[in-house]
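Q: could you look at this predicted model? Sequence included:
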Amino acid sequence: MITFREVSKQFKAGRQWVEAVRPTSLHVEKGQIQGIIGFSGAGKSTLLRMANLLELPTAGEVYIDGQELTGLSAGELREARRSIGMVFQHYNLLSNETCAANVEFVLKAAKLPGRERKRRAEECLEIVGLADKAKQYPAQLSGGQKQRVAIARALANNPKVLLCDEPTSALDPVTTLSILEFLEKINRELQVTIMLVTHEIQVAKRLCSRVAVMEGGAITEQLDMTLPEIKPVTPLGQFLFDTAEVSSSSVWRRGEGYRG
Ligand SMILES: Nc1ncnc2c1ncn2[C@@H]1O[C@H](COP(=O)(O)OP(=O)(O)OP(=O)(O)O)[C@@H](O)[C@H]1O
């Protein structure tokens with residue numbers, strides 16, 4: 001469903017070039033929940049953002065459901081992006097619009113008539129259990145509720161793929177669990193393939209069928225989370241699993257204790 005073929009990304013930072021993602025290939029089967037885990041700066045978000053060309057690869061190809069995104073015109077890409085929803089750490093909601101209007105916003109771009117937009121927005125808010133908040137504004141909601149509105153918005157165009165960039169990093173553990181349950185339900189009931197970036201191994205363990213470990217811009221191993229016993233082979237993979245109970249995310253961000 002999602003294929004990266006030898007994609008790489010370099011950024012210019014002043015006079016220097018940063019190799020955010022080194023030539024990397026990854027295939028995510030339809031219906032899977034693929035996690036990407038690693039420390040800060042490993043290239044996780046850059047790889048994820050290349051899945052819908054929010055970040056243009058310096059080289060390589062990206063395919064969604066067999067269609068090569070990297071070969072499309074701007075108009076064709078806009079169309080193809082409708083089948084790819086995205087959820088961000090900080091929700092990215094329009095603060096001066098109601099929850100329903102936030103969801104309807106993406107449907108306007110799809111040129112859906114007003115009545116259908118309203119019906120679809122209600123349906124999506126219903127999926128995330130927020131039908132009663134349709135007329136409220138983001139500022140009136142908790143962090144978890146805001147993220148649920150963002151998920152409803154991402155679902156509005158019936159996507160085949162949902163890209164999640166640290167969707168629970170700003171949330172407490174209980175709210176995190178409820179968001180993960182919604183993502184699980186969306187994957188199971190709507191057959192949406194999910195790719196999720198996280199630095200929280202607990203999140204990856206709870207949700208993902210596969211987890212790619214990233215280090216220095218490259219995927220160093222791919223773990224099959226459906227196996228009864230998971231045995232990481234890289235020092236980083238091992239470290240992440242050994243410290244699964246670490247509760248402070250700052251430790252994860254700094255990579256404290258890791259001597260790979
Ligand atoms: N727009 C940009 N311009 C310059 N350098 C960038 C840009 N975006 C990312 N980078 C650099 O690319 C590398 C990978 O960044 P990326 O955000 O993909 O990592 P990450 O693993 O998602 O980190 P984090 O968990 O902190 O978000 C880092 O060195 C980062 O500083």
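A: Nice, I can see it.
Q: could you use CA atoms for every contact and neighbour count after this?
A: Fine.
Q: so Val213, which of the three states?
A: Here Val213 is recorded as strand under DSSP: H, G, I helix; E, B strand; the rest coil.
Q: buried residues of stretch 84-92, list them for me.
A: Residues of stretch 84-92 classed as buried: Ile84, Gly85, Met86, Val87, Phe88, Gln89, His90, Tyr91 (neighbour count, 16 or more other C-alpha atoms under 10 Å).
Q: pLDDT of that stretch, averaged?
A: Averaged across stretch 84-92, pLDDT comes to 94.
Q: now do stretch 190-202
A: For stretch 190-202, the mean per-residue pLDDT is 93.
Q: secondary structure element holding Glu181?
A: Per DSSP states H and E: Glu181 is located in helix 173-190.
Q: just Phe239 next, same as before
A: helix 235-242.
Q: now do that helix: which elements does it pack against?
A: For helix 235-242, the packing partners by 3 or more C-alpha pairs under 8 Å, 6 or more residues apart in numbering; DSSP states H and E come out as strand 210-215.
Q: and stretch 163-179, how far apart are its ends?
A: End-to-end span of stretch 163-179 (C-alpha to C-alpha, to the nearest Å): 14 Å.
Q: list the buried residues in that stretch.
A: Within stretch 163-179, the residues that count as buried by 16+ other C-alpha under 10 Å are 163-169, 171, 175-179.
Q: and stretch 119-130, by the same measure?
A: Buried positions in stretch 119-130, judged by neighbour count with 16+ other C-alpha under 10 Å: Arg120, Ala121, Glu122, Glu123, Cys124, Leu125, Ile127, Val128, Leu130.
Q: from those residues, which land in helices?
A: With helices taken from DSSP state H, the overlap with the buried residues of stretch 119-130 comprises Arg120, Ala121, Glu122, Glu123, Cys124, Leu125, Ile127.
Q: how about the fourth one, nearest residue that isn't a chain neighbour?
A: Same thing as Glu123. Ala131 (7.9 Å; C-alpha to C-alpha, 6 or more residues apart in numbering).
Q: list the residues that contact the one you found.
A: Applying C-alpha atoms under 8 Å, 6 or more residues apart in numbering, we find Ala131 in contact with Glu122, Glu123, Leu125.
Q: need the helices for the chain, in chain order.
A: Ranges of helices in the chain, per DSSP H, are 44-50, 74-81, 99-109, 114-127, 143-155, 173-190, 201-207, 235-242, 249-254.
Q: who wins for proximity to the ligand among these?
A: Of all these, the one in closest proximity to the ligand, counting by C-alpha to the nearest ligand atom, is helix 44-50 (3.7 Å).
Q: now for that closest one, which elements pack on it?
A: When contacts are defined as 3+ C-alpha pairs under 8 Å, 6+ apart, helix 44-50 packs onto strand 16-28, strand 161-165, strand 193-198.
Q: neighbours of Asp242, how many?
A: The number of residues packed near Asp242 is 12, by other C-alpha atoms under 10 Å.
Q: buried sites along stretch 69-76?
A: By 16+ other C-alpha under 10 Å, the buried positions in stretch 69-76 come out as Leu69, Thr70.
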